[in-house]
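> Okay, sequence plus prediction incoming.
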Amino acid sequence: MTSIRPTGPALELPDIKRSSLRPDPAMFRGLAISSSGLSAQRLRMEVASANLANAETTRTASGGPYQRRIVTMEPSITGGPIAQSMGEDLSVNGGVRVTGIAADTTNAFEKVYEPGHPHADAEGYVLYPNVDPTQELVTLMEARRLYDANATAFSSMKAMLRRAIDI
């Protein structure tokens, strides 16, 4: 697989922050990591579905054909309020953080000669979206499997915490 680096402007996502008054016990960090993965993979599935739904959209509100969207993510690295209050630098990988949804400008629009099409230019060519249905289906399958893996990890962590409570 090739990695895709978006070059267009990213759409802004709301910044959801935890309250600084709530503690961040290390025993619940596994649940937070898995839930961040669940949310990120759900968003990837939604974006891939939107790309598939718009694979034939030749005209959008901005005037051009639909442009494929991709979800951009980065590792979420935090020390947590407890580590900071104890004066320790305990930076741990805290899951994944979605940084935005960007337009994929790596592939050019497909130019097809269709003089009878309502969106054809003066020469009779229509620009079609840069969406490859096969690539979107692969993205959907990958995101679903990663979602399942995060759900399994979440369930396992929850079972371990229940056993710890029973001790």
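Now that the structure is in, tell me what you want to look at. As the structure is a computational prediction, the values presented were derived from the model and not from experiment.
> For stretch 109-125, report the contacting residues that lie outside it.
Residues outside stretch 109-125 that contact it (C-beta atoms under 8 Å, 6 or more residues apart in numbering): 58, 59, 64, 65, 126, 127, 128, 129, 130. Where C-beta positions appear, they are placed from N, C-alpha and C, glycine not excepted.
> Which strand runs longest in the protein?
Ranked by number of residues, the top strand in the chain under DSSP state E is strand 92-103.
> Which positions in stretch 157-167 come out as buried?
residue 157 (16 or more other C-beta atoms under 10 Å).
> How about stretch 128-140?
Residues of stretch 128-140 classed as buried: 128, 129, 130, 131, 135, 136, 139, 140 (neighbour count, 16+ other C-beta under 10 Å).
> same thing with stretch 95-113?
Judged by neighbour count (16+ other C-beta under 10 Å), stretch 95-113 contains these buried residues: 95, 96, 97, 98, 101, 102, 103, 104, 109.
> Can you check the distance spanned by that stretch, start to finish?
Stretch 95-113 has an end-to-end distance of 47 Å (C-alpha to C-alpha, to the nearest Å).
> let's number from 52 now, not from 1
Yes, from this point I'll number from 52; that puts the last item at stretch 146-164.
> Compute the distance from the centre of that stretch to the centre of its chain.
From the chain centre to the centre of stretch 146-164 is a distance of 12 Å (C-alpha atoms, centre = their mean, to the nearest Å).
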